[in-house]
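A.B. asks: Here is a sequence together with a model predicted from it:
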Amino acid sequence: MSSAPTTPEAAAGPQPDAPGTTRAGVVIAVLVVSAFVMILNETILSVALKDLTVDLGVSTTTVQWLTSGFLLTMAVVIPTTGFLLERFTPRQVFLASLTLFSLGTLISGVAPGFAVLLVGRVVQACGTAVMIPLLMTSIMRLVPPERRGSTMGTITIVIAVAPAIGPTIGGAVLASLGWRWMFFIVLPLAVAALILGAILLRLPSETRSVPLDLLSVLLSAIGFGGILYGFSTIGESGGSGHLPPWVPIVVGAVALVLFIARQLALQKRDAALLDLRPFTHRSFVVSIILAALLFMSLLGAAAILLPLFLQTVLGLDTFWTGLAVLPGGLVLGLLGRPVGAAYDKVGARPLVIPGSIMMAAALWLFTLLGAGSSLWAVVGIHVLLMAGLGLMMTPLMTEGLSSLPGPLYSHGSAILATLQQVAGAFGTAAFVTISAIASASLSGIPDAQGLRVGFMAAGIVGVVAFVVSLFMGGRPAPVAETEEVGAPSAESIHTESADAGPLDDGPVSGGTSPTDPPVTAPTDAPTGRPATTSAGTVVRGRVGLAGPGEAVVTLVDEHGVQYGRAGTRGGVYELALPSSGAWLLVVSAPGHAPHAARLVADGDRPVLTHDVTLPVAPGPSSSGPVTSRREPEPAAGS
């Protein structure tokens, strides 16, 4: 995989991993298969909690940290993935991720006790955490907007179905082989995925030296860890331990406030560990709140409370517990692609609202179950819950990320993945703790009464999710991938015509070429003042072609690195310039000679126009420019 900068010629010509190409499909397939194997471990131990409390001599609220600790570690590591994906190539990140996961799996399999087993799960989580943002960011960059819903439906299989069928696989293995084999069976799959990725994963990228803010990493770890640790110890110690539970909760909350304040300060100079500007987009905020509530229900209620109910109240063994939750997991997986395709047609609102109603109804139906309940009733309610989650998950992920400009995809993915894991860990700790406190039993294992109260808490989460779903807007127009993500630049720009060569071939100066139309700052008709847009400093214009069709406009920096690309719509284009300085605008279309114009940011105009007419490309024997054969992409927002 090359990490060389993208040249202007490459930008104008075909690229091996362009959206919709076979190569892009191979990259996504490798990432999906690898992530499936890794995320399967999030809940594979859930059906073994009862056995582990006996084998390891710990309480239920302690042993559940094998799951919530896994999720918490992911929440701490995921915010650093923005740094990792900028500093290292996707291939390097992928290989490191699978290596850590395989090592953690081996440690867990040979662990002599709870402490070493927890260490192994933490190492596993470090590898898994990096994979989710890498997968989401790659899809947003490689898949055209009109197909993102369907592709995100495939991701549902990874993010939702893998943990949903984890109890089934875990139950089958536990019934015949023992809990250590849950790791020994996964280990060769992880190694195979590592080898597969090493051979097939080739994703063009550019890397740059960016600083890792260690203080932000520390604040993130203390914040998320303190809150969840404190909440979990409420149930384990009944609030009477050596360290009062409110101490780590308060320390964690203060650390999170400091973490947020530091990111807001660092992002002003593009140095934030986790850029928080996605929260300025309303669709993203609503989607991420609903996704957090969804994962609280999926991982806290469906993956933890329900297996405990089946084993402690209905008396099922681990094998039958796994089989009981299998139909729901299959429903969730089967809904992924169809729901994604439906999102591409109708948007998120018509899918998310019915899904939230089904989720809330199922969680409250669980509160009606008791020792005399039929197993089929449990399975039916679980299927209803999974169907509701299936209607919500794909639209929420796609809607949230699609509402962001391209430069924020990686940060949006990191935020989404972080809050998903924090919500899952919080839901797991909260529901198990509430169930343990409400139980009449002193053994630390929730009984029927305690589990009913736990499901009531989950039902309240479902009602909140329904209320929030009402704020989902209609399907928004896609955001241009080159939208300015920082504050509007104080400088303005002008252009000068240039050949499609390196930007550093000579000094950059003002003015325009005599052979090209002048670049002028457009004005508002009523006021005569320069026009402005939400994207900040932009260049826009019209491209004339010799025949029907559209052109592709590419923005390249002075080092030859491609920063943005958009297709014309009705012959008109618009691109945002991320910052001041020298830029190259490359315009190409099938059957026409490419054109390049030099852009220079120098002080007084935030908006400019640059119209161009592309001449027909000369024949093969000519020494003229080589015609780009790439089909034009749809215009931004089309």
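C.D. replies: Sure thing, it's come through.
A.B. asks: Leaving out chain neighbours, which residue sits closest to the most centrally placed residue in the chain?
C.D. replies: The chain has S413 as the residue nearest its centroid, 3.0 Å off, counting by CA atoms, centre = their mean. Take S413 and drop its neighbours on the chain: the residue closest to it by CB to CB, 6 or more residues apart in numbering is M136, 3.9 Å away. Bear in mind the C-beta positions are built from the backbone N, C-alpha and C, glycine included.
A.B. asks: How about the contacts made by the one you found?
C.D. replies: Contact partners of M136, counting by CB atoms under 8 Å, 6 or more residues apart in numbering, are 155, 397, 401, 409, 413, 416-417.
A.B. asks: What of P350?
C.D. replies: Going by CB under 8 Å, 6+ apart, P350 touches A342.
A.B. asks: Please renumber the chain so that the first residue is 44 from this point on.
C.D. replies: All set: I'll call the first residue 44, so the last point we hit is now P393.
A.B. asks: Please report how far it lies from M515.
C.D. replies: P393 is 9 Å from M515, where distance means CB to CB, to the nearest Å.
A.B. asks: Quick check: which helices or strands does the host helix or strand of V629 pack against?
C.D. replies: Using DSSP states H and E, V629 falls within strand 625-631. When contacts are defined as 3 or more CB pairs under 8 Å, 6 or more residues apart in numbering; DSSP states H and E, strand 625-631 sits against helix 51-55, strand 536-541, strand 595-600, strand 638-644.
A.B. asks: returning to what we had before: who are the contact partners of the residue nearest to the centre of the chain?
C.D. replies: S456 sits next to 124, 175-176, 179-180, 183, 444 when contact means CB under 8 Å, 6+ apart.
A.B. asks: Of those, just say which sits nearest to W108.
C.D. replies: Distance to W108 across the contacts of S456 (CB to CB) is lowest for I175, with 20.8 Å.
A.B. asks: tell me the pLDDT at that closest one?
C.D. replies: Note on I175: pLDDT of 78.
A.B. asks: And for the one 4 residues further on?
C.D. replies: At M179, the model reports a pLDDT of 79.
A.B. asks: and the one helix or strand G371 maps to, what does it pack onto?
C.D. replies: When elements are assigned from DSSP H and E, G371 belongs to helix 361-389. Judged by 3+ CB pairs under 8 Å, 6+ apart, helix 361-389 is in contact with helix 191-199, helix 205-219, helix 349-355, helix 392-409, helix 418-445.
A.B. asks: Any chance of a markdown table for the contacts of S456, columns secondary structure?
C.D. replies: Shown next, in a markdown table, are the contacts of S456 (DSSP: H, G, I helix; E, B strand; the rest coil):
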| residue | secondary structure |
| --- | --- |
| T124 | helix |
| I175 | helix |
| P176 | helix |
| M179 | helix |
| T180 | helix |
| M183 | helix |
| L444 | helix |
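A.B. asks: Adding distance to L337, write the residues you listed out as CSV.
C.D. replies: Formatted as CSV, these follow (distance: CB to CB, whole Å):
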residue, distance to L337
T124, 21
I175, 15
P176, 18
M179, 16
T180, 21
M183, 20
L444, 15
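A.B. asks: Strands of the chain, residue ranges please.
C.D. replies: Ranges of strands in the chain, per DSSP state E, are 536-541, 581-587, 595-600, 605-610, 615-619, 625-631, 638-644, 650-652, 655-656.
A.B. asks: Present these as JSON lines; the columns should include mean pLDDT.
C.D. replies: Converted to JSON lines, these look like this (pLDDT from 0 to 100):
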{"stretch": "strand 536-541", "mean pLDDT": "36"}
{"stretch": "strand 581-587", "mean pLDDT": "80"}
{"stretch": "strand 595-600", "mean pLDDT": "81"}
{"stretch": "strand 605-610", "mean pLDDT": "77"}
{"stretch": "strand 615-619", "mean pLDDT": "81"}
{"stretch": "strand 625-631", "mean pLDDT": "80"}
{"stretch": "strand 638-644", "mean pLDDT": "73"}
{"stretch": "strand 650-652", "mean pLDDT": "68"}
{"stretch": "strand 655-656", "mean pLDDT": "81"}
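A.B. asks: A346: which of those strands is closest?
C.D. replies: Proximity to A346 (CB to CB) singles out strand 605-610 among the strands of the chain, at 40.7 Å.
A.B. asks: Excluding chain neighbours, what is closest to A420?
C.D. replies: Counting by CB to CB, 6+ apart, A420 lies nearest to L412, which is 6.9 Å off, once chain neighbours are set aside.
A.B. asks: which residues sit in contact with the one you found?
C.D. replies: Applying CB under 8 Å, 6+ apart to L412 gives the contacts 352, 356, 420-421, 424, 495, 498.
A.B. asks: re the thing from before, and the gap between the residue nearest to S456 and F113?
C.D. replies: For M179, the distance to F113 (CB to CB) stands at 19 Å.
A.B. asks: cool, and F126?
C.D. replies: Taking CB to CB, one finds F126 at 22 Å from F113.
A.B. asks: before we move on, what about G415?
C.D. replies: Per CB to CB, G415 is found 35 Å from F113.
A.B. asks: Just give me how far stretch 219-232 sits from the chain centre.
C.D. replies: Relative to its parent chain, stretch 219-232 has a centroid offset of 29 Å by CA atoms, centre = their mean, to the nearest Å.
A.B. asks: State the mean pLDDT of that stretch.
C.D. replies: 85.
A.B. asks: May I see the buried residues of that stretch?
C.D. replies: Across stretch 219-232, burial judged by 16 or more other CB atoms under 10 Å covers 222, 225-227, 229-230, 232.
A.B. asks: and if you look at stretch 476-492?
C.D. replies: Across stretch 476-492, burial judged by 16+ other CB under 10 Å covers 476-482, 487-491.
A.B. asks: Can you flag which of these belong to helices?
C.D. replies: Per DSSP state H, helices hold the following members of the buried residues of stretch 476-492: 476-481, 491.
A.B. asks: export those residues to a markdown table and tack on pLDDT?
C.D. replies: Compiled in a markdown table, those are given as follows (pLDDT from 0 to 100):
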| residue | pLDDT |
| --- | --- |
| T476 | 82 |
| I477 | 86 |
| S478 | 87 |
| A479 | 82 |
| I480 | 82 |
| A481 | 83 |
| A491 | 84 |
